[in-house]
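Asker: Quick one: sequence and predicted model below, then my questions.
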Amino acid sequence: MKLRYRAYRRDDRDGMYYYKDSGTGDRESLETKDPEEAERLVGHMNETMKNPHLNHQIGMTYLSAAEPHYASRTWGYVMDHIMKDKKGSTLERYQRSRNDPAFELIEEKLPATTLPEHLTEVLEAGRPATNVYLRRYQNHAFGMGWLPRLILLRQLPTPPFFVIKPIAAGWTMRFKRRIRRKFAPSNQRL
């Protein structure tokens, strides 16, 4: 079987190792000068192509060894943890957001295995406040090191409750006249 990724050394880049993807032709740095480490990294990349499900389990095992609760911490735990230092009306708002039915979709999911599609489902099922609190929960998990990368980025589709409606033409004309009257010189008032 032909391997998809191949490591090579570039002398013009101070001996840095790169990999080439034979499927797409893409080339990227492995950010190492050590040939053994480069081969090991490329070996892992090729292995992921063979057994994606097995590699998921191996990855979770590695993460669990580094941080024991990584494979067991859920979004529900993240939501509860962020409320520990909140007081008064802020705590009440977080508790109300925690009871939002949209968050039940991810409550039992692990942050480390959450996909953008999962969070998009929450946004579609929720209200405008769901977007705000979902981003707060995500940022909290990322800041605590429980999330390997940010999932919700600004490029996600805008939820349906943020659709901006066009302004009626008649209202626009009345508004422009009122502005002209307000800012016209006093001797030219309309």
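Answerer: Right, received. Where do you want to start?
Asker: contacts and neighbour counts: CA atoms only from here.
Answerer: Will do.
Asker: show me where pLDDT drops low in this structure?
Answerer: Within the chain, the stretches with pLDDT under 70 are 1, 154-172, 183-190.
Asker: rerun at 90
Answerer: Screening the chain residue by residue with the criterion pLDDT under 90, one finds the ranges 1-5, 10-15, 21-25, 28-32, 43-73, 110-116, 119-120, 123-124, 126-132, 144-190.
Asker: which residues of it fall in strands?
Answerer: With strands called from DSSP state E, the chain shows them at 5-10, 16-21, 27-29.
Asker: The first one packs against which elements?
Answerer: Taking 3 or more C-alpha pairs under 8 Å, 6 or more residues apart in numbering; DSSP states H and E as contact, the helices and strands that strand 5-10 lies on are strand 16-21, helix 35-50.
Asker: still on that earlier bit, tabulate the strands of the chain (JSON lines), appending distance to residue 119.
Answerer: Output for the strands of the chain, formatted as JSON lines (distance: least, C-alpha to C-alpha, whole Å):
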{"stretch": "strand 5-10", "distance to residue 119": "32"}
{"stretch": "strand 16-21", "distance to residue 119": "30"}
{"stretch": "strand 27-29", "distance to residue 119": "30"}
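Asker: Point out the most buried one among the helices and strands packed on strand 5-10.
Answerer: strand 16-21 (a mean of 19; mean count of other C-alpha atoms under 10 Å).
Asker: Okay, now the sheet partners of that one, with direction.
Answerer: Strand 16-21 pairs in its sheet with strand 5-10 (antiparallel), strand 27-29 (antiparallel), by DSSP bridges.
Asker: So which of those is nearest residue 56?
Answerer: Proximity of those to residue 56 was assessed by C-alpha to C-alpha; the nearest stretch is strand 5-10, lying at 19.0 Å.
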